[in-house]
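S.K.: I would like the atomic coordinates for the input below:
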Amino acid sequence: MYATMLISVPTGVKVFNWVATMWRGSISFEVPMLFSIAFIVLFTLGGFSGLMLAITPADFQYHDTYFVVAHFHYVLVTGAVFSIMAGAYYWLPKWTGNMFNITLAKWHFWLSLVSVNVLFFPMHFVGLAGMPRRIPDYALQFADFNAIISIGGFAFGLSQLLFVVVVYKCAKGAIKCLQKFGMGQKGLNGKLIHQRHIIRSQRRRTLNNDSLAVIKKAGGYLHCNVCFCICHGAYI
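M.R.: Numbers count the residues shown, from 1 in each chain. This next block holds a predicted model:
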């Protein structure tokens, strides 16, 4: 009981950190970001069911049932697998120099998201109804829910074949990667363009325009170049 309640403290800190990282950010809903958001939502859902297991009178009913299976699979599968997929899709252009097929990647995401919930969410209900885990068979009253769970399991497994296809096509180089890929990247050298660099470049452009105006007024290049170098150096 106490261990289950204590683990919720660092877990809550992690969730708030992840959400705060996105807060007021310039979010682009590309494939890596879709997997990341789904990871946070489903991981949090699995954490909420873990709080129920920390209540001793309730855990007397939940213990060794499929409710526990649903809980830790929401944490492990959607937590580990979805975050790994987000990282893989983010770095695939960097690893291969080629851009993956975005349409296939989004199909992979949506099929995985729907099928993983069809797979694990009904386990909460059969667990609350008393279906135990670690058994070779189950009572007939659980047959309908287990049929839905089986469909979700096969769909989730088959949807991962799309990821294999995406990686294969990306490695073969069907679509060459652009010079800029991802947010804040400059080419394929991994050099980040920070917001302050963008602001400085805009100010330098404005300063350069002011210097051209000085050229026209002074009627000579020497005065303009000295003025520009002094102002530009002092500003930077």
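
S.K.: Against M22, how distant is the one residue sitting closest to the centre of the chain?
M.R.: Taking CA atoms, centre = their mean, the centroid of the chain lies closest to S36, which sits 1.6 Å from it. Going from S36 to M22 by CB to CB, to the nearest Å gives 9 Å. In this view, the C-beta of every residue, glycine as well, is placed from N, C-alpha and C.

S.K.: which stretches of this protein form strands?
M.R.: Taking DSSP state E, the strands of the chain run over residues 185-186, 191-192.

S.K.: To what extent is the closest residue to V167 other than its chain neighbours buried, counted in neighbours?
M.R.: Nearest residue to V167, sequence neighbours excluded (CB to CB, 6 or more residues apart in numbering): L92, at 7.1 Å. For L92, the tally of surrounding residues (other CB atoms under 10 Å) stands at 22.

S.K.: Likewise for the one 3 residues further on?
M.R.: When counting by other CB under 10 Å, one arrives at 11 neighbours for W95.

S.K.: Would you mind listing the residues in contact with it?
M.R.: Neighbour list for W95: empty [criterion: CB atoms under 8 Å, 6 or more residues apart in numbering].

S.K.: try F121
M.R.: A70.

S.K.: Verify the contact between the residue nearest to the centre of the chain and A86 for me.
M.R.: Yes: the pair S36 / A86 is scored as a contact, 4.5 Å apart, by CB atoms under 8 Å.

S.K.: Skipping its backbone neighbours, what lies nearest I27 in space?
M.R.: Nearest one to I27, counting by CB to CB, 6+ apart, is M33 at 6.5 Å.
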